[in-house]
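Peer 1: 3D, please:
(one chain, ligands or ions: 1)
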Amino acid sequence: MLDTLLKTKDFLALTLANPQSFPEPFGFDIGEHTRVDVWDTGVILFQPLQQVANKDVVLSCGVHGNETAPIELCNGLIRDLLEDKIRVGERTLFLIGNPAAINNGTRIVDENMNRLFSGEHSRGPGLVNPERIRARKLETYVDRFFRAREGAQRIHYDLHTAIRGSKHEKFAIYPYRPGRAYSAEQIMFLKAAGVDTVLFHHEPTTTFSYFSSENYGADAFTIELGKVYPMGQNDMTRFIATREMLSRLICDRDLELESYSPDKVNLYQVCRVINKQAEDFEFTFASDVENFTSFPKGFVLAREGGKDIRVELDSEAVVFPNAKVPVGQRTVIMLTAAQAPDVR
Ligand SMILES: [Zn+2]
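Peer 2: Numbering: from 1, shown residues only. The predicted structure is shown next:
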């Protein structure tokens, strides 16, 4: 394993060749400046050997297997680190979430992994499928990483791409964080990274970013970087700003962030989530509607069980509409313009 990685510098290839697990952890140094520890398939930690800065950064990708751009982006950063083209200044943990689904070229193998965190993997039927087993492992790796030291700023960017087009190409979901102000610096970092739109979530969820936010006080986000394309078919020029800012972050270079002002970004509040109650749930709008398309009050959004589901506020926008989910799960997130969120 070690020899292959040192020769190819391709951690993604090594991960996909061993999608379930690695036989054992291994580690090595790059020069006298960086310690590398591989904990498992898709799990690689870079730590400066001297002068560790004050941020502990988790970059995760491939929680959904067909969302390839973030996987290529992370593997590119890992390759640059292994080739000593860039050097970490911060402790940085990369996670390639769902190698089995990446090999399949599908979003999931059995179950949506981004509904399985905060212990959800072990509820109901328990650890019955690869996503549940992997979600539990990923939680333990994040726990080990963040608990290794106290006092650092904890950051977790969980990188995705969306199934459909979007009026805002790149956007982030800010997990519900009662009692904690939203971070102006984080919002401006996202903007510099090309992510100019932020959704404030309104309730606890079982996503990976909420797990890190809630349990470790991390500045954590689910970040959507554009539309899904097959591996190798992404136009990586669309990710230059994102890659540059992630690289500056983990290398402890100057971020050169603008000062925060709400008019520099698009801020939305999640007003409700519509869960599927019946098998015959269907949307009234076209299946290719873009994320952030808005509808007026009274508009019939969907029908199920003979009932209409209508827009309740003056105007609501849709994000992630998907009628083909199991009963009980989310079909769509509804948004309104954010009313003066507590950003500091
Ligand atoms: Zn995703």
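Peer 1: how long is stretch 309-324 from one end to the other?
Peer 2: 17 Å (CA to CA, to the nearest Å).
Peer 1: scratch that, stretch 117-133 is what I was asking about
Peer 2: End to end - CA to CA - stretch 117-133 spans 11 Å.
Peer 1: ok, now stretch 200-215?
Peer 2: End-to-end distance (CA to CA), stretch 200-215: 18 Å.
Peer 1: just how off-centre is it within its chain?
Peer 2: 11 Å (CA atoms, centre = their mean, to the nearest Å).
Peer 1: buried residues, it. List them.
Peer 2: Neighbour-count burial for stretch 200-215, counted by 16 or more other CB atoms under 10 Å, picks out 200-201, 205-215. Any C-beta I mention is one placed from the backbone N, CA and C, and that applies to glycine too.
Peer 1: make JSON lines from those and add pLDDT to it.
Peer 2: Shown next, in JSON lines, are those (pLDDT from 0 to 100):
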{"residue": "200", "pLDDT": "96"}
{"residue": "201", "pLDDT": "95"}
{"residue": "205", "pLDDT": "95"}
{"residue": "206", "pLDDT": "96"}
{"residue": "207", "pLDDT": "98"}
{"residue": "208", "pLDDT": "98"}
{"residue": "209", "pLDDT": "98"}
{"residue": "210", "pLDDT": "98"}
{"residue": "211", "pLDDT": "98"}
{"residue": "212", "pLDDT": "98"}
{"residue": "213", "pLDDT": "98"}
{"residue": "214", "pLDDT": "98"}
{"residue": "215", "pLDDT": "98"}
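Peer 1: what's the farthest-apart pair in the residues you listed?
Peer 2: Spatial extent of the buried residues of stretch 200-215 (CB to CB) is set by the pair 200 and 215 at 19.4 Å.
Peer 1: what separates residue 225 from residue 280, distance-wise?
Peer 2: Remark: distance between residue 225 and residue 280 (CB to CB, to the nearest Å) = 34 Å.
Peer 1: need the residues of the chain near the ion, please.
Peer 2: Proximity of the chain to the ion (CB under 5 Å from the ion) is limited to residues 64, 67, 160.
Peer 1: wouldn't residue 113 be in contact with residue 96 here?
Peer 2: No: taking contacts as CB atoms under 8 Å, residue 113 lies outside contact range of residue 96: 12.0 Å.
Peer 1: appreciated, that's everything.
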